[in-house]
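1. model this:
(one chain, ligands or ions: 1)
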Amino acid sequence: MGGIEFLKGHGTQNDFVLLPDAAGRLDLTAERVAALCDRQRGLGADGVLRVVRAKAIGEESAGEWFMDYRNADGSIAEMCGNGTRVFARYLVDAGLAECGEFVIGTRAGDRPVVVHPDRSVTVQMGPAAITGTSVTVVAGQPFSGVAVNVGNPHLVSVTDTDIAGLDLRDQPDFDHDFFPAGVNLEFVNVLGEGALAMRVHERGVGETRACGTGTVAAVAASLHLAGKDTGESTVDIPGGRVSVTVGRGESTLTGPAEIVARGELDEAWWLAAGA
Ligand SMILES: N[C@@H](CCC[C@H](N)C(=O)O)C(=O)O
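-> A predicted model of the protein is given here:
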């Protein structure tokens, strides 16, 4: 089998293990993903990005490469905005795509990206659809929220409560009938015109320092609450700052993407992790 190549990267400190697997041969079980993402017994990450040729796994895409994203607990999600930036950066660094515009396949559909000369990345995130309202409860405190689908499900609570003081270590409660497949929960303070601050508790991960789809959902929800359906905003998350635009039927996410390490997984560890 030989050593298994990996890279580690992050987008505004939402961190990922990348597994180059052009031919789609890796047996990437939920157990292996969870072991890789474990910060004590593995490499540590919020999720895994398997880099695979769309054709190799029978995925329809106008692009050559498909982002097979997995959450840290091994579950599969439709889309990951920060992961898409890191994935695009990897493709360019590895010589598998040219700097500029190209398309990445995801489970939520094709996502056109632009890798800028400074290696920051803009992702066309598709529509941010408002799907209703619901409530989440953090340490006994209820927060009303706007449900937004950005390929994956979000509940965004725009609140006057200072989000810096929220304890997001435990899973906040939410309406499981409204979100039968689970939900990503965003808590947002409005800092001013076109400026938000956000914290997030991600489905399948826990609190993370950034969530790209979450920042798009946050901007869409705050515009919706202001009676608008288009606009733009910066979003400050614990891991940095991204810029978001929301239009009718399309949204964009722009921010940094870094590759920080590369190496080989130990074969015996990989085999044991899958058992
Ligand atoms: N961190 C991601 C979102 C990853 C998926 C999410 N946890 C889910 O289960 O939907 C992002 O940057 O969008």
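2. Show me the shaky parts of the stretch 151-275 of the chain.
-> Counting by pLDDT under 70, not a single residue of the stretch 151-275 of the chain qualifies.
3. For the stretch 51-200 of the chain, what lies in contact range of the ligand?
-> 71, 77, 80-83, 152, 184 (C-beta under 6 Å from any ligand atom). For the C-beta atoms, the positions are set from N, CA and C on the backbone; glycine is no exception.
4. Dump stretch 215-230 to CSV, keeping only the CA atoms.
-> Output of stretch 215-230 as CSV, limited to C-alpha atoms (Å, rounded to 0.1, in the frame of the first residue of the first chain):
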residue,chain,number,x,y,z
THR,A,215,-20.7,33.2,7.5
VAL,A,216,-22.8,33.3,4.3
ALA,A,217,-25.9,32.1,6.3
ALA,A,218,-25.2,34.9,8.9
VAL,A,219,-25.1,37.6,6.3
ALA,A,220,-28.2,36.3,4.5
ALA,A,221,-30.1,36.1,7.8
SER,A,222,-29.1,39.6,9.0
LEU,A,223,-30.1,41.1,5.6
HIS,A,224,-33.4,39.2,5.8
LEU,A,225,-34.1,40.6,9.3
ALA,A,226,-33.4,44.1,7.9
GLY,A,227,-35.9,43.5,5.1
LYS,A,228,-33.3,43.0,2.4
ASP,A,229,-32.3,40.1,0.2
THR,A,230,-29.0,41.4,-1.2
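5. Identify the residues contacting residue 105.
-> 54, 59-63, 65-67, 111 (C-beta atoms under 8 Å, 6 or more residues apart in numbering).
6. Select from those the one having the most neighbours.
-> Of all these, residue 67 has the most neighbours under the rule other C-beta atoms under 10 Å, reaching 29 neighbours.
7. helix/strand/coil for it?
-> strand (DSSP: H, G, I helix; E, B strand; the rest coil).
8. so it touches residue 103, yeah?
-> No: taking contacts as C-beta atoms under 8 Å, residue 67 lies outside contact range of residue 103: 10.9 Å.
9. coming back round to it: so which of the residues of the stretch 51-200 of the chain next to the ligand are in strands?
-> 71, 184 (DSSP state E).
10. JSON lines please, covering the residues of the stretch 51-200 of the chain next to the ligand and showing neighbour count.
-> Shown next, in JSON lines, are those (neighbours: other C-beta atoms under 10 Å):
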{"residue": "71", "neighbour count": "22"}
{"residue": "77", "neighbour count": "24"}
{"residue": "80", "neighbour count": "30"}
{"residue": "81", "neighbour count": "30"}
{"residue": "82", "neighbour count": "34"}
{"residue": "83", "neighbour count": "31"}
{"residue": "152", "neighbour count": "25"}
{"residue": "184", "neighbour count": "24"}
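11. Return the closest of the residues of the stretch 51-200 of the chain next to the ligand with respect to residue 21.
-> residue 83 (15.1 Å; C-beta to C-beta).
12. Just the terminal-to-terminal distance for stretch 222-239.
-> Start and end residues of stretch 222-239 are separated by 21 Å (C-alpha to C-alpha, to the nearest Å).
13. If you could redo that for stretch 91-106, that was the one I meant.
-> Using C-alpha to C-alpha, the two ends of stretch 91-106 sit 15 Å apart.
14. Now that stretch: buried residues?
-> By neighbour count with 16 or more other C-beta atoms under 10 Å, stretch 91-106 contains the buried residues 91-93, 97, 102-106.
15. Show me where the stretch 1-150 of the chain has its helices.
-> In the stretch 1-150 of the chain, the helices defined using DSSP state H, counting those that start in this stretch lie at 30-37, 81-93.
16. Let me know which of the ones you listed is tucked in deepest.
-> helix 81-93 (a mean of 27; mean count of other C-beta atoms under 10 Å).
17. For that one, what does the pLDDT average out to?
-> The pLDDT scores in helix 81-93 average 98.
18. Can you tell me the closest non-neighbouring residue to residue 90?
-> For residue 90, ignoring the flanking residues on the chain, the nearest one in space by C-beta to C-beta, 6 or more residues apart in numbering is residue 18 at 5.5 Å.
19. what does residue 121 give?
-> Residue 121 sits nearest to residue 85 (C-beta to C-beta, 6+ apart), 4.0 Å away.
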